[in-house]
Every structure is written in structure tokens, then in C-alpha cells.
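**Q** Attaching a predicted model along with its sequence, questions to come.
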Amino acid sequence: MLARQRQEVILDEVRRTGAVQVGDLVLRLGVSDMTIRRDLDALARRGLVEKVYGGATSTMGRSTDEPGFEAKSVRQLAEKEAIARLAAQQVRPGTAIGLSAGTTTWTLARHLDDVADLTVVTNSVRVADALQQRGRTDRTVVLTGGVRTPSDALVGPVAVQSLRSLHLDLVFLGVHGMAPRAGFTTPNLSESETNRALAQAAGRLVVVADSSKWSTVGLSTIVDFSEVDLVISDDGLPEEARQVLSEHVELLLADRQDTREER
């Protein structure tokens with residue numbers, strides 16, 4: 001079994017049970033103690049598990065847990081860059097698009113330099129700043145009002161009301177988790193309501209989510225799989241996830257290796 005395959009098995013077990021022990025993994029996978037520890041180190045560096053004495057635990061606790069923007073911005077960097085590049089190819093000049101709050105959509109905002117005459121609606125101060133700092137004069141950035149969350153989203157009645165009257169060609173939605181029965185979720189109820197309003201304004205709805213989001217379930221569903229047109233993830237997405245998603249939506253997988261090679 002290759003390292004990547006072992007790590008997928010370990011990650012599946014962590015997501016299923018919440019924790020794993022080195023000794024149990026040695027017996028199950030038939031490899032040495034040091035090999036398992038290296039696998040756990042690799043998963044911890046990607047932010048997928050938290051190492052503890054004798055094993056590892058899930059980084060995702062309760063369904064209401066929500067890391068702040070800074071914490072999320074250092075996770076899955078190669079995956080987010082690859083997804084953002086692929087997502088930017090979906091945007092055409094002269095269109096009106098929506099970008100939800102989140103580190104993946106924030107990364108996407110920095111890849112839109114080559115798209116002319118663009119109108120962008122967002123409920124994220126971070127995304128708005130990223131767009132305005134790029135120096136384009138043919139760009140309109142519309143920032144909703146609202147109450148700020150730990151993920152730097154603007155949410156609540158003011159944000160929802162400002163989105164309800166809009167009609168956007170394309171909306172990119174970042175999510176906390178994606179799972180078969182729960183759909184695309186967030187731990188924040190107010191953010192869920194605001195993102196739902198943004199999704200309803202979309203002519204075409206695209207979810208951008210790296211592979212670590214699979215099997216993660218937040219407190220509130222934003223949209224079901226059937227309500228989304230396209231999901232853009234990375235090639236680390238498990239085969240089970242690929243099969244499930246492909247039954248409901250168009251699925252594009254970005255190649256993480258391209259980003260690593262450039263570095």
C-alpha cells in the first residue's frame with residue numbers, strides 16, 4: 001500500500017471514530033510504528049488530524065466548531081491554489097459573479113486578474129479587499145453589509161436582504177463540509193442563511209471545496225447536492241466521494257501536483 005493510500009485509510013478511520021491509535025494502525029496496515037507516525041505527521045501538516053500521545057484525533061469536533069480565517073488560511077494551500085486556478089477558468093469577461101466568504105473563495109479572488117469588466121458581489125471583507133488590491137479599473141465590487149463571523153463573513157438580515165434582489169451569472173460557494181445526507185454545510189446558522197440567499201441568486205452555482213471537506217458535517221445545510229451545478233475539488237478526493245458527487249453534479253478535480261511543481 002502506498003503512503004497516500006495508507007493516509008486515506010487513516011483519515012477515513014479518524015473521521016469515522018474521531019481518533020486512532022498508532023498500535024491499532026500498525027496491526028491493521030501491516031507496517032512499522034515509524035511509518036504510521038510519518039503518515040500521521042503528514043496528515044497533521046495538512047491540518048487533517050491533530051497529533052496526540054499515541055495517535056491522532058479529528059480536527060473537526062462539534063458540528064458548531066468553526067476555525068477563524070487565519071487558522072483556515074494555512075490549511076490545504078496547494079489544494080486551494082489548484083482549485084482556484086480551475087475555478088477562475090469558469091469566469092467570462094463582462095459577467096456578474098458572487099463569491100461567498102472563505103479561504104478558498106479568497107484564493108480564487110486573487111486569480112481573477114485576467115478577467116475584464118467583472119462585477120463581483122461578496123459578503124466577505126477579505127474577498128473584497130483581495131479584489132480591490134489587484135488594481136483593475138474595469139471592476140465593480142459590491143460588498144454586502146451584515147454582522148461579521150469568525151470566518152470573516154458578513155451575515156444576517158442586512159446581508160440576506162441585499163442579496164435577494166440580485167441575479168448573478170455565476171456564484172462560487174465555499175463550504176465547511178460536504179457529506180451525502182447533509183449536503184454542503186456550515187457550522188454557523190447565520191452564515192448558512194446568507195449563503196443560501198447568495199446561492200439562490202445564481203444562474204449557475206459552483207461549490208469550491210478541497211478534499212478534506214468530504215465527510216465533514218456542519219450544523220446547518222446551505223444547499224443539497226441536487227441544487228449545485230458544479231463542484232470543483234482536488235485530486236485527493238476519495239473515490240467514494242467522486243462517485244457520490246458525480247451522481248448529482250458535474251465534478252472537476254484540480255491537479256495539486258501542478259502547484260507543487262511551481263514551488
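**A** Perfect, thanks for sending it.
**Q** Asp229 and His248: what is the separation?
**A** For Asp229, the distance to His248 (Cβ to Cβ, to the nearest Å) stands at 10 Å. Every residue, glycine included, has its C-beta placed from N, CA and C.
**Q** domains of this structure?
**A** 3-58, 69-262 (automatic domain parsing).
**Q** how far is the shortest one from where the chain is centred?
**A** Spelled out, that is domain 3-58. Taking Cα atoms, centre = their mean, to the nearest Å, one finds the center of domain 3-58 at 22 Å from the center of the full chain.
**Q** Now that domain: average pLDDT?
**A** What domain 3-58 shows for mean pLDDT is 86.
**Q** do the same with stretch 208-220
**A** Rounded mean pLDDT across stretch 208-220 is 91.
**Q** Stretch 149-167 now?
**A** 90.
**Q** Now the terminal residues of it, how far apart.
**A** 25 Å (Cα to Cα, to the nearest Å).
**Q** So which residues make contact with it?
**A** 66-69, 72, 96, 98, 100-102, 121, 123-126, 143-148, 188, 190-191, 193-194, 197-198, 200-201, 203 (Cβ atoms under 8 Å, 6 or more residues apart in numbering).
**Q** Among the residues you listed, name the buried ones.
**A** Buried by 16 or more other Cβ atoms under 10 Å: 66-67, 69, 72, 96, 98, 100-102, 121, 123-124, 126, 143-144, 146, 188, 190-191, 193-194, 197-198, 201, out of the contacts of stretch 149-167.
**Q** Now for the residue nearest to Thr122 when sequence neighbours are not counted: which residues touch it?
**A** Closest residue to Thr122 in three dimensions, ignoring its sequence neighbours and counting by Cβ to Cβ, 6 or more residues apart in numbering: Leu99, at 4.5 Å. Counting by Cβ under 8 Å, 6+ apart, Leu99 touches 105, 108-109, 120-122, 124, 127, 171-172.
**Q** same for the strand or helix carrying Ile222, what does it pack against?
**A** Ile222 belongs to strand 220-223 when assigned by DSSP states H and E. Applying 3 or more Cβ pairs under 8 Å, 6 or more residues apart in numbering; DSSP states H and E, one finds that strand 220-223 contacts strand 183-186, helix 189-200.
**Q** can you redo the ones you listed as CSV with mean pLDDT?
**A** Output for the helices and strands packed on strand 220-223, formatted as CSV (pLDDT from 0 to 100):
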stretch, mean pLDDT
strand 183-186, 94
helix 189-200, 94
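**Q** So for Gly236, which of those sits nearest?
**A** strand 183-186 (18.1 Å; Cβ to Cβ).
**Q** list the helices and strands the closest one packs on?
**A** Checking 3+ Cβ pairs under 8 Å, 6+ apart, strand 183-186 ends up next to strand 177-179, helix 189-200, strand 220-223.
**Q** Please write out the alpha-carbon positions of the second one in CSV.
**A** Extracted as CSV, the C-alpha positions of helix 189-200 are listed here (Å, rounded to 0.1, in the frame of the first residue of the first chain):
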residue,chain,number,x,y,z
LEU,A,189,-26.6,29.3,11.3
SER,A,190,-26.5,32.9,10.2
GLU,A,191,-23.8,32.2,7.6
SER,A,192,-26.0,29.4,6.2
GLU,A,193,-28.9,31.7,5.7
THR,A,194,-26.8,34.3,4.0
ASN,A,195,-25.1,31.7,1.8
ARG,A,196,-28.4,30.3,0.8
ALA,A,197,-29.6,33.7,-0.4
LEU,A,198,-26.4,34.0,-2.4
ALA,A,199,-26.9,30.6,-3.9
GLN,A,200,-30.5,31.5,-4.9
